[in-house]
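K.L.:
Here's my sequence, what's the structure:
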Amino acid sequence: MRGALCAGLLIAGPTALSAQDDVIGISVGATPPAVTIEDLDGNPVELGRWVGRKPVLVEFWATWCPVCEELLPRMEAAQRRFGDRVEFLVVAVAVNQNKNGIRRHLTRHPMPFTFLWDVNGNATRAFQAPATSYIVALDAGGNVVYTGIGADQDLERALEKATARR
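P.N.:
As a prediction, this is how the structure comes out:
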């Protein structure tokens, strides 16, 4: 199953699927449907807790994803710059990993984000996530302002869009 999520990366290559002006997954301007997933303790969590309240950056992630690991420094830099204004959510996909493995990974490699578990694929479907390392930035109204995939995404530019006052 991991191959299915990474297939797009392998077919198109890292340059073709890097930071986008072209839409990947959910359309820019769309509002993702309300979904419930889980926290890493198995408790239900509605993404509406964050979406539509303040800007949000969502990454679809896996412990085994080398592109996610390459993206991590950009995620951490963006969190340092925008963390007081933007919620950073990492949605762990339920492909070739489990909550215990994710918790072990985070113990060894702590990250300053809110981690959620997409056990049934609800968020993956709602955001039309084509692969891991997929990023969606939403403004405070819950509207998609950016989508991208790959390690070289310009997250700062995406979050400048998400936090811009209208």
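K.L.:
remind me which residues of this structure are low pLDDT?
P.N.:
Within the chain, the ranges that satisfy pLDDT under 70 run 1-23, 166.
K.L.:
can you point me to the longest helix in it?
P.N.:
helix 66-82 (DSSP state H).
K.L.:
Kindly indicate whether Ala137 is helix, strand or coil.
P.N.:
Per DSSP: H, G, I helix; E, B strand; the rest coil, the secondary structure class of Ala137 is strand.
K.L.:
Please apply the same query to the one 4 residues further on.
P.N.:
Following three-state DSSP, the label given to Gly141 is coil.
K.L.:
close enough to count as contact, Gln128 and Ile26?
P.N.:
Yes. Between Gln128 and Ile26 there is a contact under CB atoms under 8 Å: 4.8 Å. For glycine as for every other residue, the C-beta is placed from the backbone atoms N, C-alpha and C.
K.L.:
More neighbours: the two, which one.
P.N.:
In this comparison of Gln128 against Ile26, neighbours counted by other CB atoms under 10 Å, the higher total goes to Ile26 at 20 against 16.
K.L.:
quick one: the spatially closest residue to Gln128 that is not a sequence neighbour and Cys65, what's the gap?
P.N.:
Spatial nearest neighbour of Gln128, chain neighbours left out: Gly25 (4.0 Å); criterion: CB to CB, 6 or more residues apart in numbering. Using CB to CB, to the nearest Å, we find Gly25 at a distance of 16 Å from Cys65.
K.L.:
what do you get for His105?
P.N.:
11 Å.
K.L.:
Kindly report the same for Lys161.
P.N.:
The spacing between Lys161 and Cys65, counted by CB to CB, is 25 Å.
K.L.:
if you count what's nearby, which of those two comes out ahead?
P.N.:
Cys65 (24 against 13).
K.L.:
mind checking how far the closest residue to that one other than its chain neighbours is from Ala62?
P.N.:
By the measure of CB to CB, 6+ apart, the closest residue to Cys65 outside its immediate chain neighbours is Thr132, 4.1 Å from it. Distance of Thr132 to Ala62, given as CB to CB: 5 Å.
K.L.:
and what of Asn143?
P.N.:
27 Å.
K.L.:
the more surrounded of those two?
P.N.:
Taking Asn143 and Ala62 together and counting by other CB under 10 Å, Ala62 has the greater number of neighbours (26 against 16).
K.L.:
I figured that one hits Ala94, correct?
P.N.:
No. Because the distance of 9.2 Å does not satisfy CB under 8 Å, Ala62 is recorded as not touching Ala94.
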